[in-house]
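S.K.: task: produce atomic coordinates for the following.
(chains A and B)
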Amino acid sequence: MIELSGVYKAFGSNQVLNGVGLSIARGESMVIIGGSGTGKSVMLKSVLGLVTPDRGTITLDGQDVARHERDAFLARFGMLFQGAALFDSMPVWENVAFRLLRGRLKRPKHEAREIAVEKLRRVGLGPQVADLFPAELSGGMQKRVGLARAIAANPEIIFFDEPTTGLDPIMAGVINELIREIVTEMGATAMTITHDMTSVRAIADKVAMLHGGIVRWTGTVTEMDETSDPYVQQFIHGRAEGPIPSVR
Amino acid sequence: MTGMLNGRPVAFLAALGRPVLELLAAIGRVALFAMVAVSHIFRPPFYWREFGQAVMQIGWFSLPVVGMTAIFTGGALALQIYAGGNRFGAEAVVPQIVAIGMARELGPVLGGLMVAARVASSIAAEIGTMKVTEQIDALTTLSTDPMKYLTVPRLLAAVLTLPVLVAVGDSIGIMGGWLVGVTRLDFNSATYIRNTVDFLQVWDIGSGLVKGAAFGFIVALMGCWHGMNSGRGAQGVGAATKSAVVSASVLILAANYLLTEAFFSA
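M.R.: Predicted coordinates for the structure are as follows:
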């Protein structure tokens, strides 16, 4: 289980996280929603140690993430970045198998390649893609490769940062379905940040809304639709009028 | 007194002190970065493939630009020494001064500057782009330390290949001087070569190679530092690239003076 408690983070005078508290149960798919610049990515990166919080505690299975042995801790995670963050100096299969070619999860090269091709197949890409370079792929294909890389080492926890941003609705639907299927079949804990309400409905077991540097609301998708919270209602219906200023 | 503290003198001093403090802080951050990078050289894992690629990028692909620079510099140096020596009947020293000038100063400095222009910029642009596209964050989440994976191979490759580039540059530069000496200044080929070989001492060449290693360290360090600390977007990467080249060039010239002072001062 991942638990954030009283997490604060500021960049200069910009207080991004203002005492965030959130629990994600094992095997649960939690989706974080919230406007641009509300600190969703910062929160996610704080869990991974890519950003160091100013205050507060983040625990994984009851143990402070800062005290985990770093390699062992990160080996439990997979992450799909917003822009896929593929390494453009290496072919697709090496991107997918990156973790399997070095470090504590290192395998023989042919075995790593086989796993990469299998993971590519799992996200709907044929073996002919394996030897291409990321620059030769479309945005949707890059996202799928990023997804294949995130699941290559069968992580227990997968983070998805804006998985459908920049994709057409059909490709976004494909990615949403893939995420749901993969998370279910792997039994992984998932944390997704998105603005896309179609993604929320396709992926989420639970939804949390981040606003003003705190988690303002948490509940299931059904509860989200029924809640009277004006912030949630304004956000999910995309209204310009409401408590969230439209000009930020 | 209160008036003085609240008034212009204090504001003036503050305005003067702020950039000094910022400069000192930046020097401190770069020094810490360098220390951490060097400490990682001696701790596994070591990424041999990235090291090999860095050797090719920094060393092999810099050979043409270093060679071209050296041959023209050697030729121009021969002409200048001949013209200068002519004023007091010392034209005969052309081979010796070309050799010592190339080996001790121009080989390492021009080689370093050319590599700074070619390599520091490309390292900063590559790492800066990786930073703004979250590839460095991705490396971390894939249990790979960016310092070990990106900085250490480049740093080591630059320190090891720059002396080789300097040696090649020295040879080509001396050859440029010989070519001009023989074809334009009527030197006898065998005499020119004998004078060069007899005059050059091991430390003339060795000091240039040590300078090359130091300049290689500076080039890779500035490229990696500015890349890792690049701002956002194309403008941020552009600024990082420019800063890498400028800072590497200035530091090379400053380090060259200090090393020359250390090696050759009376």
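
S.K.: quick check: what element follows the helix or strand harbouring B:Val182 along the chain?
M.R.: Using DSSP states H and E, B:Val182 sits within helix B:152-183. Downstream of helix B:152-183, the first helix or strand assigned by DSSP H and E is helix B:189-199.

S.K.: counting by contacts, list what the helix holding B:Val182 packs against.
M.R.: Helix B:152-183 sits against helix B:8-41, helix B:48-54, helix B:63-86, helix B:94-100, helix B:107-115, helix B:189-199, helix B:202-228, with contacts defined as 3 or more Cβ pairs under 8 Å, 6 or more residues apart in numbering or on different chains; DSSP states H and E. The C-beta positions use only the backbone N, C-alpha and C, and glycine is treated the same way.

S.K.: tell me the most buried of those helices?
M.R.: Mean neighbour count (mean count of other Cβ atoms under 10 Å in any protein chain shown) peaks for helix B:107-115 among those, with a mean of 26.

S.K.: between helix B:202-228 and the first helix or strand past that one going along the chain, find me the angle.
M.R.: Next helix or strand after helix B:107-115 toward the C-terminus (DSSP H and E): helix B:121-132. Between the axes of helix B:121-132 and helix B:202-228, defined by axes from the mean of the first three to the mean of the last three Cα atoms, to 10 degrees, the angle is 30 degrees.

S.K.: now helix B:121-132: how far from the chain's centre is it?
M.R.: 18 Å (Cα atoms, centre = their mean, to the nearest Å).

S.K.: quick check: mean pLDDT across whichever helix or strand comes after that helix?
M.R.: Going down the chain from helix B:121-132, the next helix or strand is helix B:135-141, by DSSP H and E. Average pLDDT, helix B:135-141: 94.

S.K.: by proximity to chain B, which residue of chain A wins?
M.R.: Per Cβ to the nearest Cβ, A:Ala85 is where chain A lies closest to chain B, at 4.0 Å.

S.K.: so where is chain A shaky, pLDDT-wise?
M.R.: Applying pLDDT under 70 to chain A picks out residues A:246-248.

S.K.: quick check: angle from the helix holding B:Val182 to helix B:121-132?
M.R.: 160 degrees.

S.K.: show the end-to-end separation of stretch A:235-245, please.
M.R.: 11 Å (Cα to Cα, to the nearest Å).

S.K.: next, the buried residues of it.
M.R.: Applying a neighbour-count criterion of 16 or more other Cβ atoms under 10 Å in any protein chain shown, the buried positions in stretch A:235-245 are A:Phe235, A:Ile236, A:Ile244.

S.K.: show residues contacting it.
M.R.: For stretch A:235-245, contacts defined as Cβ atoms under 8 Å, 6 or more residues apart in numbering or on different chains pick out A:33-35, A:197, A:200, A:209, A:211, A:224-225, A:230-231, A:233-234, A:246.

S.K.: now secondary structure too, for those, in JSON lines please.
M.R.: Formatted as JSON lines, those follow (DSSP: H, G, I helix; E, B strand; the rest coil):
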{"residue": "A:Ile33", "secondary structure": "strand"}
{"residue": "A:Gly34", "secondary structure": "coil"}
{"residue": "A:Gly35", "secondary structure": "coil"}
{"residue": "A:Met197", "secondary structure": "helix"}
{"residue": "A:Val200", "secondary structure": "helix"}
{"residue": "A:Met209", "secondary structure": "strand"}
{"residue": "A:His211", "secondary structure": "strand"}
{"residue": "A:Met224", "secondary structure": "helix"}
{"residue": "A:Asp225", "secondary structure": "helix"}
{"residue": "A:Pro230", "secondary structure": "helix"}
{"residue": "A:Tyr231", "secondary structure": "helix"}
{"residue": "A:Gln233", "secondary structure": "helix"}
{"residue": "A:Gln234", "secondary structure": "helix"}
{"residue": "A:Ser246", "secondary structure": "coil"}
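
S.K.: give me the buried entries from those residues.
M.R.: Using 16+ other Cβ under 10 Å as the burial test, those include A:Ile33, A:Gly34, A:Gly35, A:Met197, A:Val200, A:Met209, A:His211, A:Met224, A:Tyr231, A:Gln234 as buried.

S.K.: out of these, who's near chain B?
M.R.: Applying Cβ under 8 Å from any Cβ of the partner chain, the subset of those adjacent to chain B is empty.

S.K.: including distance to B:Ile123, could those go into a markdown table?
M.R.: Below are those laid out as a markdown table (distance: Cβ to Cβ, whole Å):
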| residue | distance to B:Ile123 |
| --- | --- |
| A:Ile33 | 39 |
| A:Gly34 | 37 |
| A:Gly35 | 37 |
| A:Met197 | 42 |
| A:Val200 | 41 |
| A:Met209 | 42 |
| A:His211 | 41 |
| A:Met224 | 47 |
| A:Tyr231 | 45 |
| A:Gln234 | 47 |
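
S.K.: can you give me phi and psi for the closest residue to A:Val7 other than its chain neighbours?
M.R.: Distances taken as Cβ to Cβ, 6 or more residues apart in numbering or on different chains place A:Gly56 nearest to A:Val7, at 3.5 Å, with adjacent residues excluded. The phi/psi pair for A:Gly56 (degrees, to the nearest 10) reads phi 100, psi 170.

S.K.: residue contacts, B:Glu105?
M.R.: With contact set as Cβ under 8 Å, 6+ apart, B:Glu105 has these partners: B:Gly208, B:Asn256, B:Thr260.

S.K.: quick one, helices of chain A?
M.R.: Ranges of helices within chain A are A:40-48, A:70-74, A:92-96, A:109-122, A:139-151, A:169-186, A:197-203, A:221-226, A:230-237, based on DSSP state H.

S.K.: re earlier: wait, which of the contacts of B:Glu105 is closest to B:Tyr82?
M.R.: Comparing the contacts of B:Glu105 against B:Tyr82 with Cβ to Cβ picks out B:Gly208 as the nearest, at 22.8 Å.

S.K.: who's in contact with the closest one?
M.R.: By Cβ under 8 Å, 6+ apart, the contact list for B:Gly208 reads B:Ala103, B:Arg104, B:Glu105, B:Gly107, B:Pro108, B:Val166, B:Ala167, B:Asp170.

S.K.: next: A:Gly49.
M.R.: Neighbours of A:Gly49 in contact, by Cβ under 8 Å, 6+ apart: A:Val65, A:Ala66, A:Arg70, A:Phe73, A:Leu74, B:Thr140.

S.K.: from those, which single one is nearest A:Thr218?
M.R.: A:Val65 (20.5 Å).

S.K.: once you drop chain neighbours, what's closest to that closest one?
M.R.: Closest to A:Val65 by Cβ to Cβ, 6+ apart is A:Ile58, at 4.8 Å.

S.K.: so that neighbour makes contact with A:Met1?
M.R.: No: applying Cβ atoms under 8 Å, one finds A:Ile58 not in contact with A:Met1, separated by 11.5 Å.

S.K.: which bits of chain B sit near chain A?
M.R.: Selection of chain B residues close to chain A by Cβ under 8 Å from any Cβ yields B:45, B:47, B:130, B:133-135, B:137-138, B:140-144.

S.K.: can you tell me, leaving aside adjacent residues, what's nearest to B:Thr140?
M.R.: Spatial nearest neighbour of B:Thr140, chain neighbours left out: A:Leu50 (6.0 Å); criterion: Cβ to Cβ, 6+ apart.
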